[in-house]
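Sequence isn't available, so here's the structure alone:
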């Protein structure tokens, strides 16, 4: 394996196969843009030279506000090559939140696409990907000596979703992310034969590590501007994609396009990685049926503690479909705050750890201690040492004195014949404190009823955890990261419950 440069901006080695296609950019669906490793490498250097020529200095923060595209990748890698800190920003945030990030990150410049031009603050160096006097004028082609980062020097900053308050900037070093890439390479080997598809947004760890990992392994990437279930499915067949990267909800939406996918050839797909959200056996079965030749991998990671702390079992024991894996060598994982050492809140300690939250020492101290990061995710460990995700500690709610984990109820509901997808949230109740409320998407043509779901849940799980109310929807609303938007559903569930609340004393 060719050593990965210590600077994340050189996560890939273009000299190995300079003429090979690195990126197939689908910004223009009808006219895909193919970019070689040599061309991508040259454009990254041109960005680095151009930014320094504008007066930016080592350690300055550079924002990126755009849909996925080749220019975004060049800005991302090029900024880091110059010793700057890349700060991808969610394009789905409201203006006031983006203004907060710009100030909090102390941005010195920001790359953006034309659609986001009005979100760029006045007085900041704004570089428009779609303006000839912007991005193209910035590029300064020529050789460039990439900055060698100091130990734990910052390479990028990713902001949390802000679902529980203002987004927090997670400070990530070159060393932390490089450890993930080199560990993955030594664990799984090189994968230059693969063609990956990336549709998750580059402001999220799922996409950033997928892109860096694919390029570091010498593979090719089919890059969608954003996720669209139909185009995602069509692109798999059109470009003979072999490796899918995704959030589980994305593939749940693909599986719903039954008429479309039934006529597509997915025989090229050999690997499916789903991460960043809980995975149910029901969805695994659906995905396996869509991609019968594929090995399915349930991935886990956090922005704060690294993208891939789990991997294969050291003794070669096959990983169960919904398991996250076995802790990687050098990535310590412990379960605390639970009934025993095999269930509880996941704590992690590894070189992948963040350097802290930007400008928030107290918040950092709340989750970091002696190098250990408290994830807030509830896990269990089986007898072979495989870890399984149960739910967020913050998501757990109490029904009449009993703890209920939404993920467990969702997995149960998705076993009901005719159910495609479910999301469970709590609603207030004067008697029980909280009651489970389920948003459910039916399979095409199915006639499953609320009574069917309640009866199945009571017959196959604890009665106190069964959904008291079921709301059928055409689709589950998604947050910016393509995960279910629980905050929106919590608010909607309370409104619906007030109108349809069962009588007091319901079990």
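Looks like it arrived, so ask away. Computed from a predicted model, the values in this text were never measured in an experiment.

Residue 264: neighbouring residues, count only.
Look at residue 264: counted by other C-beta atoms under 10 Å, it has 14 neighbours. Quick note: C-beta positions are derived from backbone N, CA and C, even for glycine.

Can you point out the buried residues in the host helix or strand of residue 365?
Applying DSSP states H and E as the criterion places residue 365 in helix 361-367. Judged by neighbour count (16 or more other C-beta atoms under 10 Å), helix 361-367 contains these buried residues: 364, 367.

Toward the C-terminus, what is the element adjacent to it?
Next in sequence after helix 361-367, counting helices and strands by DSSP H and E, comes strand 368-369.

what's next to that following strand, contact-wise?
304, 353, 354, 356, 374 (C-beta atoms under 8 Å, 6 or more residues apart in numbering).

surely the second one meets residue 309?
No. The pair formed by residue 353 and residue 309 falls short of the contact definition of C-beta atoms under 8 Å, at 10.3 Å.

So these two - more neighbours on which side?
Each of residue 353 and residue 309 has its neighbours counted (other C-beta under 10 Å); residue 309 has more, 29 against 23.

pretty sure that one contacts residue 331?
Yes. Taking contact to mean C-beta under 8 Å, the distance of 4.3 Å between residue 309 and residue 331 places them in contact.

hmm, back to that, out of the contacts of strand 368-369, which sit inside helices?
If you go by DSSP state H, these have nothing in helices.

Give the single residue among those residues positioned nearest to residue 441.
Each of the contacts of strand 368-369 was checked against residue 441 using C-beta to C-beta; the closest is residue 304, at 31.2 Å.

In contact with that closest one: list those residues for me.
Residue 304 makes contact with 170, 353, 354, 367, 368, 373, 375 under the criterion C-beta under 8 Å, 6+ apart.

Give me the buried entries from these.
Neighbour-count burial within the contacts of residue 304 applies to 170, 353, 354, 367, 368, 373, 375; the criterion is 16+ other C-beta under 10 Å.

With distance to residue 487 and pLDDT as extra columns, can I get these in JSON lines?
Converted to JSON lines, the buried ones among the contacts of residue 304 look like this (distance: C-beta to C-beta, whole Å; pLDDT from 0 to 100):
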{"residue": "170", "distance to residue 487": "20", "pLDDT": "97"}
{"residue": "353", "distance to residue 487": "27", "pLDDT": "95"}
{"residue": "354", "distance to residue 487": "24", "pLDDT": "97"}
{"residue": "367", "distance to residue 487": "20", "pLDDT": "96"}
{"residue": "368", "distance to residue 487": "25", "pLDDT": "96"}
{"residue": "373", "distance to residue 487": "24", "pLDDT": "97"}
{"residue": "375", "distance to residue 487": "20", "pLDDT": "94"}
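
Please tabulate those residues in TSV and include distance to residue 255 as additional columns.
Listed next are those as TSV, based on distance: C-beta to C-beta, whole Å:
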residue	distance to residue 255
170	32
353	35
354	34
367	35
368	38
373	33
375	29
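
Spatially central residue in this structure, please.
When C-alpha atoms, centre = their mean is applied to the chain, the residue found nearest the centroid is residue 206 (3.3 Å).

what separates the least confident helix or strand in the chain by mean pLDDT from the chain centre, distance-wise?
Comparing every helix and strand of the chain by mean pLDDT, DSSP states H and E singles out strand 402-404 as the least confident one, with a mean of 82. Centroid separation between strand 402-404 and its chain, computed with C-alpha atoms, centre = their mean, to the nearest Å, is 28 Å.

quick one: whatever helix or strand comes next after it to chain centroid distance?
For strand 402-404, the succeeding helix or strand toward the C-terminus, using DSSP H and E, is helix 406-413. The chain centroid and the centroid of helix 406-413 are separated by 21 Å, computed with C-alpha atoms, centre = their mean.

any idea of the angle the helix or strand just after helix 406-413 forms with helix 406-413?
Stepping forward along the backbone from helix 406-413, the first helix or strand reached (DSSP H and E) is strand 419-429. Computed by axes from the mean of the first three to the mean of the last three C-alpha atoms, to 10 degrees, the angle separating strand 419-429 from helix 406-413 equals 130 degrees.

and strand 419-429, what does it pack onto?
helix 248-256, helix 406-413, strand 433-442, helix 486-500 (3 or more C-beta pairs under 8 Å, 6 or more residues apart in numbering; DSSP states H and E).

For the helix or strand following the third one, give me every contacting residue.
Read in the C-terminal direction, the helix or strand following strand 433-442 is helix 450-460, with elements assigned using DSSP H and E. Where contact means C-beta under 8 Å, 6+ apart, the residues beyond helix 450-460 that reach it are 409, 412-413, 415-416, 418-419, 438, 440, 465-470, 472.

Now find how far off-centre the longest helix along the chain is within its chain.
The single longest helix within the chain, with elements called by DSSP H, is helix 37-53. Centroid separation between helix 37-53 and its chain, computed with C-alpha atoms, centre = their mean, is 27 Å.

Tell me the buried residues in that helix?
Applying a neighbour-count criterion of 16+ other C-beta under 10 Å, one finds 37, 39-52 buried in helix 37-53.

what residues go with each domain of the protein?
The chain breaks down into these domains under automatic domain parsing: 37-190, 331-391, 397-500.

most tightly surrounded among those domains?
domain 37-190 (a mean of 19; mean count of other C-beta atoms under 10 Å).

Reduced to three states, what does the closest residue to residue 249 other than its chain neighbours come out as?
Using C-beta to C-beta, 6 or more residues apart in numbering and skipping residues adjacent in sequence, the residue nearest residue 249 is residue 482, 5.6 Å away. The three-state label for residue 482, taken from DSSP: H, G, I helix; E, B strand; the rest coil, comes out as coil.

hang on, the earlier thing: can you list the helices and strands that the helix holding residue 365 packs against?
Helix 361-367 is packed against strand 356-357, strand 372-381, with contacts defined by 3+ C-beta pairs under 8 Å, 6+ apart.

Other residues contacting that helix?
168, 304, 356, 357, 373, 374, 376.
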